[in-house]
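Visitor: got a predicted structure plus its sequence, pasted below:
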Amino acid sequence: MKLTSEMIDGAQVVRVEEERIDASVAIQFKDRMRELAGSAPGRVILDMGRVGFVDSSGLGAIVAVMKLLAPATRLELAALTPTVGKVFHMTRMDSVFAIHPEVPGEGMRHAV
Amino acid sequence: MQSDATVRPPVRTGESARFRLQANEREVRRVLGRIMAYLGDGLCQPDRGTVEIVLAEVLNNIVEHAYARRPPGRIRLFLTPVGDGLACRVEDDGHPMPSLVLPDGRLPELGDELDLLPEGGWGWALIRSLTADLIYERTPRANRLTFRVPVSWKADSDPDRDTIARQRVAGG
């Protein structure tokens, strides 16, 4: 489970460098997120732009990460791909997370 | 020059494809990859997503529940593209469904508190809302789930579709 992290505009942006967050990597994802973001107060934005698929175990892991980072750190999501967005919508989890259409700062970089 | 036969798309209505896997999470991921390759570009992207969500939840449920507390066995999957979707049959040799009834598929409550947010329990809600004609049967040793995912085959990838539709009309 490869995750990379950088600071953009005061938020920690964690990019998921995987095509899937599913049952076979859900626990790894949770553990890696705890290592990467567990100590940083403020906002963590999870860049989901490369993730084409999330199953209900993967979704559960993302919810679990939000709970374990709170209250010091707020987990937000960015750049959901269509199938992932559908899973969030159908489970109403899109009402629980702040979801950004794209990673903050990305639009500006693309515009250059 | 290629003939039509050699460029025919991988998916044709009425032809079944069979997949087998060991009931574990890595195998589920592997076989989903194979199924998505088998479907090829016969479906538009949203429909591909729908099929993948449904099959992932069905297979994960079998791994997690049917084969809970027993050595993982096999799962058999039969997919048949039909005029109005993808007909699916999934069989396993695990525990029967409790009371031999499928879960109702209600979404878990969200509640007001972060600590109480659900971390699962969405599987049957997803399956039930994305499928039609869902039937569960228990044979002496196996579970059999049949259902249809209502998706639309792209016309150009599905030369048999009109024929099948005509046969259905003709057959009443």
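Guide: Happy to help now that I have it.
Visitor: so what touches the helix or strand harbouring residue B:38?
Guide: Applying DSSP states H and E as the criterion places residue B:38 in helix B:25-39. Helix B:25-39 is contacted by residues A:20, A:22-24, B:10-11, B:17, B:19, B:21, B:48, B:51-52, B:55-56, B:59-60, B:63, B:77, B:79, B:86 when judged by Cβ atoms under 8 Å, 6 or more residues apart in numbering or on different chains. Quick note: C-beta positions are derived from backbone N, CA and C, even for glycine.
Visitor: how about stretch A:32-49?
Guide: Contacts of stretch A:32-49 (Cβ under 8 Å, 6+ apart): A:1, A:3, A:5, A:8, A:10-16, A:62, A:65, A:68-69, A:72-81, A:84, A:100, A:102-104.
Visitor: quick check: PyMOL command selecting the buried ones in these.
Guide: Only the buried entries of those go into this PyMOL selection, using 16 or more other Cβ atoms under 10 Å in any protein chain shown:
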select buried, chain A and resi 1+3+11+12+13+14+15+16+62+65+69+73+74+75+76+77+78+79+80+81+84+100+103+104
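Visitor: which of the contacts of stretch A:32-49 fall in helices?
Guide: Within these, residues falling in helices by DSSP state H are A:62, A:65, A:68-69, A:84.
Visitor: farthest pair in those?
Guide: Spatially, the most separated pair among those is A:68 and A:84, at 20.9 Å (Cβ to Cβ).
Visitor: can you pull up the most central residue in chain B?
Guide: The centre of chain B sits closest to residue B:55, judged by Cα atoms, centre = their mean, with a distance of 3.9 Å.
Visitor: isn't that one up against residue B:86?
Guide: No: between residue B:55 and residue B:86 there is no contact under Cβ atoms under 8 Å: 9.2 Å.
Visitor: where along chain B do the strands fall?
Guide: In chain B, the segments counted as strands under DSSP state E are B:17-22, B:74-82, B:85-92, B:132-138, B:143-149.
Visitor: which one of the ones you listed lies nearest to residue B:108?
Guide: Across these, residue B:108 has its closest neighbour in strand B:132-138 (19.6 Å, Cβ to Cβ).
Visitor: that closest one and chain A, are they touching?
Guide: No: Strand B:132-138 lies out of reach of chain A by Cβ under 8 Å from any Cβ of the partner chain, never closer than 16.0 Å.
Visitor: report the rounded mean pLDDT for that strand.
Guide: Regarding strand B:132-138, the rounded mean pLDDT is 98.
Visitor: for that strand, the distance to its chain's centre please.
Guide: Counting by Cα atoms, centre = their mean, to the nearest Å, strand B:132-138 is centred 12 Å from the centre of its parent chain.
Visitor: hmm, who's touching it?
Guide: Residues from elsewhere that reach strand B:132-138 (Cβ under 8 Å, 6+ apart): B:85, B:96-97, B:100-102, B:127-128, B:143-150.
Visitor: mind listing what that strand pairs with, with the direction of each?
Guide: Strand B:132-138 has the following sheet partners, assigned by DSSP bridges: strand B:143-149 (antiparallel).
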